[in-house]
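Enquirer: Give me the fold of what follows.
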Amino acid sequence: MLQFPPWKVILIVLVTLMGALFALPNVLSEKQRESLPGFLPSSPAKLGLDLQGGVSFLLSVDSDKSVTKQLNDLLRDVRSRLQSTRGDDRIVYTGLRVDGESVLFKPRTPEMIDPAISLMRGLNEPIGGPLGAASIRVNQAPGGEVEIRFTSDKIDEIRTDATKQTISKLGPRLDPNGIGEISVQPQGETDIIVEAPGESDPERLKRIIEQPGELTLNLVEDNPTIVQDALRTGRPRLGYAIIPSITGEQLLISTDPIIEGDMVRSAQQGFHPENNNPIVEFTLNTRGAKLFGDATAANRGKRFAIVLDGVSQSAPVIRSAILGGSGMIEGQFTRESAEELATIIQAGALPADVRVEQERLVGPTLGADSIEAGAMASLIGLVLVAIFMLIAYGLFGVFAVGSLFANILLIFGVLTGLGATLTLPGIAGIILTIGMAVDANVLVFERIREESRNGRSPLSAVDVGYQQALSTILDANITTLLAAAVLYTLGSGPVKGFAVTLAIGIFTSVFTAFVVTRWFTVMYLRGVRPKKLPI
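Expert: A predicted model of the protein is given here:
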């Protein structure tokens, strides 16, 4: 335990020095940070919402939209299966529709009901793999109809996936470059917490969060008789829908889109080549470009509508096949609103409706007060601990205080290097680890003191003291680390911040208490060779 060959000494110095260098950006000005070497962080530790100020949203996810989409997909699969029947096995049907949480259709004759049920059961895809629970139930409904219904397990899976996918879509929407500090975390089964430190325009965030962002390209029906009849009755024929446009015109469009939003590869703000107005330019992926090219080649002279969230943004006439796989969305945009829309389209449509249930603003003044209070609490705690260690253990207390400062440097170095966010509970975690580091030193020193009183030599007392205290300290820190892991896994926001700093502090405190302090002690013993320990 008391052997420190040169390579160990070099390693201790390098680790401590790297911690100090990585923590350096926290005390430098922005101009000074620009001159730092490339391997060092270029910015200080990120401050959380409670320290920097900003806005926090509690969102609720209404997954009914996702269930409806899955039902419509199921309806298309049912239609495809029915249309694939041929000859004597052909199933003729009427009334195919989504009704509530079921897909229904009526075979033309009673003899077709059983074959239809057998055919529909082939649509079952077990949840989670071949051995999973059934995803659909197929039954004969009253009136000679066949009913296909999702099982409760499948509905639960759809709703859970909707929340997960919503979180994955909101992240790129709110932080398209991936370098911001916006946090999007689940809260329970159907809620989401969004925290945006330093955000000064919460209304902009709310627009981005709540806009579905569902983009489709649909063919427009321009036959005057069909259009007028649909507008007059308000009941368009099957496969068509009436939608508004930004110009005020009512359009009759096909409900089977040529292109859907998930076929968009990229979107960005641009300017119209003729009038220089802000527009949104988009590029389709390979599959989307082919479908778009085929559709425009087959429908020359017709119009297609660029539909965003159920409203037609424009409906140009197809003059020729559009083979480039790109297009643009015109509208009454400002440059900022076009950039917002491009970001939303790039991230993709939300699979579920999202509503802001709660909004909490934290002013920068409150954040500054929190930083000041946290810094003061840390300083007072450090001073009190240092005084206690010096009074209780004398020179060995000096070694412990030196390792405490190394511990703090390492914690801030790791936080800054990882780009972790420091929150007020995180500061509490740092204060706690300071206490834990001291606790480890106290256990060792008390053991050394006891061995010294039992008549052991200074070197022997120190060696035995560290050996016998090691298992106790490791057990305590491992159990605390497990608790931090649970907090990080199950917690959110500030709780995660506390768990992160606590976990980092556990590793650094064990290193400083058992390596740095021991090194200080060994250097003293070998340099001074005291006959009695000053402890």
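
Enquirer: which residues in the stretch 301-450 of the chain form helices?
Expert: Counting by DSSP state H, counting those that start in this stretch, the stretch 301-450 of the chain has helices at residues 335-347, 364-393, 395-418, 424-453.

Enquirer: what's the average pLDDT for the third one?
Expert: Going back to what we said before, that points to helix 395-418. Across helix 395-418, the average pLDDT comes to 91.

Enquirer: now do the last one
Expert: Per-residue pLDDT values over helix 424-453 give a mean of 88.

Enquirer: Kindly report the same for the first one.
Expert: The predicted model assigns helix 335-347 a mean pLDDT of 88.

Enquirer: thinking again about what came up before, same list (the helices of the stretch 301-450 of the chain) but as JSON lines, adding distance to Ala298 and mean neighbour count.
Expert: Just so you know, the C-beta spots here come from the backbone N, C-alpha and C atoms, and that holds for glycine as well. JSON lines is the format used below for the helices of the stretch 301-450 of the chain (distance: least, CB to CB, whole Å; neighbours: other CB atoms under 10 Å):
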{"stretch": "helix 335-347", "distance to Ala298": "25", "mean neighbour count": "20"}
{"stretch": "helix 364-393", "distance to Ala298": "58", "mean neighbour count": "14"}
{"stretch": "helix 395-418", "distance to Ala298": "54", "mean neighbour count": "22"}
{"stretch": "helix 424-453", "distance to Ala298": "60", "mean neighbour count": "21"}
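
Enquirer: Check the burial of Arg526 by counting its neighbours.
Expert: 11 (other CB atoms under 10 Å).

Enquirer: Kindly state the pLDDT recorded for it?
Expert: 86.

Enquirer: same check, this time on Arg287
Expert: 92.

Enquirer: Extract the C-alpha trace of the helix or strand hosting it and format it as CSV.
Expert: Using DSSP states H and E, Arg287 maps to helix 286-298. Extracted C-alpha coordinates of helix 286-298, given in CSV (Å, rounded to 0.1, in the frame of the first residue of the first chain):
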residue,chain,number,x,y,z
THR,A,286,-34.4,8.3,-53.3
ARG,A,287,-37.8,6.6,-52.8
GLY,A,288,-39.7,9.9,-52.5
ALA,A,289,-38.0,11.3,-55.6
LYS,A,290,-39.0,8.3,-57.6
LEU,A,291,-42.6,8.3,-56.4
PHE,A,292,-42.8,12.1,-57.0
GLY,A,293,-41.3,11.7,-60.5
ASP,A,294,-43.7,8.9,-61.5
ALA,A,295,-46.7,10.8,-60.1
THR,A,296,-45.9,14.0,-61.9
ALA,A,297,-45.1,12.2,-65.1
ALA,A,298,-48.5,10.5,-65.0
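
Enquirer: Buried residues in it, which are they?
Expert: Neighbour-count burial for helix 286-298 flags 288-289, 291-293, 295-296 (criterion: 16 or more other CB atoms under 10 Å).

Enquirer: try stretch 123-130
Expert: Using 16+ other CB under 10 Å as the test for burial, stretch 123-130 gives Leu123.

Enquirer: What mean pLDDT does that stretch get?
Expert: 78.

Enquirer: List of residues touching it?
Expert: Applying CB atoms under 8 Å, 6 or more residues apart in numbering, the contact partners of stretch 123-130 are 74, 77-78, 81, 132-136, 138, 148, 153-154, 157.

Enquirer: do stretch 281-296 as well
Expert: So stretch 281-296 is in contact with 215, 217, 219, 258-259, 263-270, 304, 318, 320-329, 342, 345, going by CB under 8 Å, 6+ apart.

Enquirer: make it 7 Å
Expert: With contacts defined as CB atoms under 7 Å, 6 or more residues apart in numbering, stretch 281-296 is touched by 258-259, 263-268, 270, 318, 321-323, 325-328, 345.

Enquirer: Okay, now the unreliable bits of the stretch 201-350 of the chain?
Expert: Across the stretch 201-350 of the chain, nothing is flagged by pLDDT under 70.

Enquirer: So in terms of bridging, what pairs with Glu359?
Expert: Bridge pairing for Glu359 (DSSP bridges) gives the partners Phe57.

Enquirer: what residues are up against it?
Expert: Going by CB under 7 Å, 6+ apart, Glu359 touches 55, 57, 202.

Enquirer: Check for me that the first one belongs to a strand.
Expert: Which is Val55. Yes - per DSSP: H, G, I helix; E, B strand; the rest coil, Val55 lies within a strand segment.

Enquirer: from memory it sits against Pro202, does it?
Expert: Yes - look at Val55 against Pro202 with CB atoms under 7 Å: they come within range, at 4.3 Å.

Enquirer: Among the two, which residue is more densely surrounded?
Expert: Legend: neighbour count by other CB under 10 Å for Val55 and Pro202, higher for Val55 (22 against 17).

Enquirer: any idea which helix or strand carries Ser509?
Expert: helix 494-511.

Enquirer: Mind listing residues that contact that helix?
Expert: Residues contacting helix 494-511 (CB under 7 Å, 6+ apart): 48, 50, 407, 410-411, 414-415, 420-426, 428-430, 432-433, 436-437, 440, 477, 480-481, 484, 487-488, 491.

Enquirer: So among the contacts of stretch 123-130, where is pLDDT lowest?
Expert: Confidence by pLDDT is poorest for Gly132 among the contacts of stretch 123-130, given 74.

Enquirer: List the contacts of that one.
Expert: Counted by CB under 7 Å, 6+ apart, Gly132 has contacts Pro126.

Enquirer: quick thing: my sequence starts at 26, can you match it?
Expert: Sounds good: first residue 26 from here, last item Gly157.

Enquirer: In a helix, it, correct?
Expert: No - applying three-state DSSP, one finds Gly157 to be coil, outside a helix.

Enquirer: So which residue is smack in the middle of this protein?
Expert: Val209 (4.8 Å; CA atoms, centre = their mean).

Enquirer: pretty sure that residue belongs to a strand, no?
Expert: Yes - counting by three-state DSSP, Val209 is found in a strand.
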